[in-house]
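J.: quick check, what structure comes out for this input:
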Amino acid sequence: MPVQRLVPTQEAADLLDLTREIARDELAPKVAAAEADEQFPREVFRTLGRAGLLGLPYGEEFGGGGQPYEVYLQVLEEIAAVWASVGVGVSVHGLSCFGLATKGTDEQKQRLLPDMLGGELLGAYCLSEPHAGSDPAAMRTKAVRDGDSYVLTGEKAWTTHGGQADFYKVMARTSDHRSRGISCFLVPADAPGLVADPAERKMGLTGSTTALMRFEGVRVDADRRLGEEGEGLPIALAGLDAGRLGIAAVAVGLAQGALEDALAYAQERETFGVPIIEHQGLGFLLADMAAGTETARAMTLHAARLKDAGLPYSQQASIAKLVATDNAMKVTTDAVQVLGGYGYTRDFPVERYMREAKVMQIFEGTNQIQRLVISRALAKGGAVTTAVAPAEFALA
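T.: Predicted coordinates:
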């Protein structure tokens, strides 16, 4: 079932065409083996970076694409429909660049951002800790000033690209104040004392490494701090809203991939002399899968368009993440059901999609945390706002 897209410019439509071509020619032939062997596809990220797809929402003056978020998320969705581990990696890399792009000095941006956005430097994001996942203000990792540098000590859990990244965006405590005592640092991967534990053995997304990172007296130059001391938590939280949209887009892509595989099977497989899609039980199941995926896509793009218009979108980002990831779990489970016994085997990719979908309800804030964010926003109330959308759109 091809996706019908409405994008703001012909340039955006061309970007989506390029993404589909790369996904078809470069990603699809590698995904099954890499996931089965738990191999991290580092070269794929260089390919995407050189094609200009890693820095799409960032400014052109530093090598970004200067694209609105609604375009970036649809590119991310196209990648994830073929390879979810890479889609997650692109989203995490974008999040790791966020602090530098928004709070870095001109000198920091000029020195670091072009290689980051170009894919030559792959990023990771270190916020969660073993004892403090959904409560970042409870972090214990410390950064102690020592002359012209800081010394970082502590642990960061669940680090996507842990042990593979070239730099780590790290939140660490510079004072005891709960919310204003955290600062943000860009730590190079080769810094002495920075150690990655063996990669976690995960249910899914096995082509994406996740590891605990240990900071054993890691010395970081003071010019690699982003923003002022104490600004780390606001930087982290601002980035999380955008990161939730990234994961929502990945979840939509994963659901779309599962839907397409299930639909192709249902059109080819016959029972009682007709394709199984013509049996109402299966036809209705596929209809619900399509409706859920279109709904999740619409919510994700609505939140992105609010962000692009400069309007508050935190509540909508949480709704998008909640709706899209819950839908991905349902659609991938139903895809296994459509294929029946074959769906339960590793000869078909739908069982992998199902395993990959589960974690999307957990990372970037569990879906229980998203419900908490949404309910708090509802308790505060708020007026309906209206913004004028661009006049011209292009089909992609």
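J.: ok, and the closest non-adjacent residue to the spatially most central residue of the chain?
T.: In the chain, the C-alpha nearest the mean C-alpha coordinate belongs to residue 91, at 3.2 Å (C-alpha atoms, centre = their mean). Leaving out its chain neighbours, the residue that sits closest to residue 91 by C-beta to C-beta, 6 or more residues apart in numbering is residue 246, at 3.2 Å. From N, CA and C alone the C-beta is placed, and that goes for glycine too.
J.: again with residue 333
T.: With sequence-adjacent residues excluded and distances taken as C-beta to C-beta, 6+ apart, residue 333 is closest to residue 354, at 5.7 Å.
J.: what about the host helix or strand of the one you found, distance to the chain center?
T.: Using DSSP states H and E, residue 354 falls within helix 350-360. With C-alpha atoms, centre = their mean, to the nearest Å as the basis, helix 350-360 stands 15 Å off its chain's centre.
J.: just the CA trace of the helix or strand following that helix, in CSV.
T.: The helix or strand immediately downstream of helix 350-360 is helix 367-380, counting by DSSP H and E. Output in CSV follows, covering the C-alpha atoms of helix 367-380 (Å, rounded to 0.1, in the frame of the first residue of the first chain):
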residue,chain,number,x,y,z
ASN,A,367,4.2,5.5,27.1
GLN,A,368,3.2,5.8,30.7
ILE,A,369,5.3,8.9,31.0
GLN,A,370,3.7,10.2,27.8
ARG,A,371,0.3,9.8,29.4
LEU,A,372,1.6,11.7,32.4
VAL,A,373,2.8,14.6,30.2
ILE,A,374,-0.5,14.7,28.4
SER,A,375,-2.6,14.6,31.5
ARG,A,376,-0.6,17.4,33.1
ALA,A,377,-1.1,19.5,30.0
LEU,A,378,-4.8,18.8,30.1
ALA,A,379,-4.9,19.9,33.8
LYS,A,380,-3.3,23.2,32.9
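J.: what is helix 367-380 packed up against?
T.: Helix 367-380 sits against helix 314-339, with contacts defined as 3 or more C-beta pairs under 8 Å, 6 or more residues apart in numbering; DSSP states H and E.
J.: in the helix it packs on, which residues are buried?
T.: Buried positions in helix 314-339, judged by neighbour count with 16 or more other C-beta atoms under 10 Å: 314-336, 338-339.
J.: ok, back up a step: rounded mean pLDDT for the helix holding residue 354, please.
T.: In this model, helix 350-360 has a mean pLDDT of 98.
J.: run the angle between the helix or strand that contains residue 96 and helix 314-339 for me.
T.: Element membership for residue 96 (DSSP H and E) is helix 84-103. Orientation check (axes from the mean of the first three to the mean of the last three C-alpha atoms, to 10 degrees): helix 84-103 against helix 314-339 gives 170 degrees.
J.: just checking, what packs against the helix or strand just after helix 84-103?
T.: Proceeding C-terminally, helix 84-103 gives way to helix 106-117 as the next helix or strand, assigned by DSSP H and E. Under the contact criterion of 3+ C-beta pairs under 8 Å, 6+ apart, helix 106-117 touches helix 84-103.
J.: what about the helices in this structure?
T.: Here the chain has its helices, by DSSP state H, at 10-22, 28-37, 42-50, 69-82, 84-103, 106-117, 232-268, 280-308, 314-339, 350-360, 367-380.
J.: related to what we said a few turns ago, what number of neighbouring residues does the residue nearest to residue 333 come out with?
T.: A count of nearby residues for residue 354, using other C-beta atoms under 10 Å, gives 24.
J.: all strands of the stretch 101-250 of the chain, in order?
T.: Assigned by DSSP state E, counting those that start in this stretch, the stretch 101-250 of the chain shows strands spanning 123-126, 142-146, 149-160, 167-173, 182-188, 194-196, 210-221, 225-226.
J.: which one of the ones you listed has the most crowded surroundings?
T.: strand 123-126 (a mean of 28; mean count of other C-beta atoms under 10 Å).
J.: quick one: low-confidence parts of the stretch 51-200 of the chain?
T.: Low-confidence segments of the stretch 51-200 of the chain (pLDDT under 70): 133-134.
J.: and stretch 227-240, C-alpha only, in PDB?
T.: What follows is stretch 227-240, C-alpha atoms only, in PDB (Å, rounded to 0.1, in the frame of the first residue of the first chain):
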ATOM      1  CA  GLY A 227      25.500  26.600  27.100                       C
ATOM      2  CA  GLU A 228      26.100  27.800  30.600                       C
ATOM      3  CA  GLU A 229      26.500  25.700  33.700                       C
ATOM      4  CA  GLY A 230      23.100  24.600  34.900                       C
ATOM      5  CA  GLU A 231      21.400  24.800  31.400                       C
ATOM      6  CA  GLY A 232      21.800  21.100  30.800                       C
ATOM      7  CA  LEU A 233      18.300  19.900  31.900                       C
ATOM      8  CA  PRO A 234      16.400  22.500  29.800                       C
ATOM      9  CA  ILE A 235      18.600  21.500  26.800                       C
ATOM     10  CA  ALA A 236      17.800  17.800  27.400                       C
ATOM     11  CA  LEU A 237      14.100  18.400  27.800                       C
ATOM     12  CA  ALA A 238      13.800  20.600  24.800                       C
ATOM     13  CA  GLY A 239      15.500  18.000  22.700                       C
ATOM     14  CA  LEU A 240      13.300  15.200  24.000                       C
END
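J.: the residue nearest to residue 91 reaches residue 75, doesn't it?
T.: No. Using C-beta atoms under 8 Å as the test, residue 246 is too far from residue 75 to be in contact (10.8 Å).
J.: doesn't residue 252 make contact with residue 328?
T.: Yes. Here residue 328 reaches residue 252: they are 7.4 Å apart, a contact under C-beta under 8 Å.
J.: between the two, what contacts are shared?
T.: residue 296 (C-beta atoms under 8 Å, 6 or more residues apart in numbering).
J.: JSON lines please, covering the helices of the chain and showing distance to residue 211.
T.: Listed next are those as JSON lines, based on distance: least, C-beta to C-beta, whole Å:
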{"stretch": "helix 10-22", "distance to residue 211": "27"}
{"stretch": "helix 28-37", "distance to residue 211": "17"}
{"stretch": "helix 42-50", "distance to residue 211": "15"}
{"stretch": "helix 69-82", "distance to residue 211": "22"}
{"stretch": "helix 84-103", "distance to residue 211": "13"}
{"stretch": "helix 106-117", "distance to residue 211": "20"}
{"stretch": "helix 232-268", "distance to residue 211": "19"}
{"stretch": "helix 280-308", "distance to residue 211": "29"}
{"stretch": "helix 314-339", "distance to residue 211": "23"}
{"stretch": "helix 350-360", "distance to residue 211": "15"}
{"stretch": "helix 367-380", "distance to residue 211": "23"}
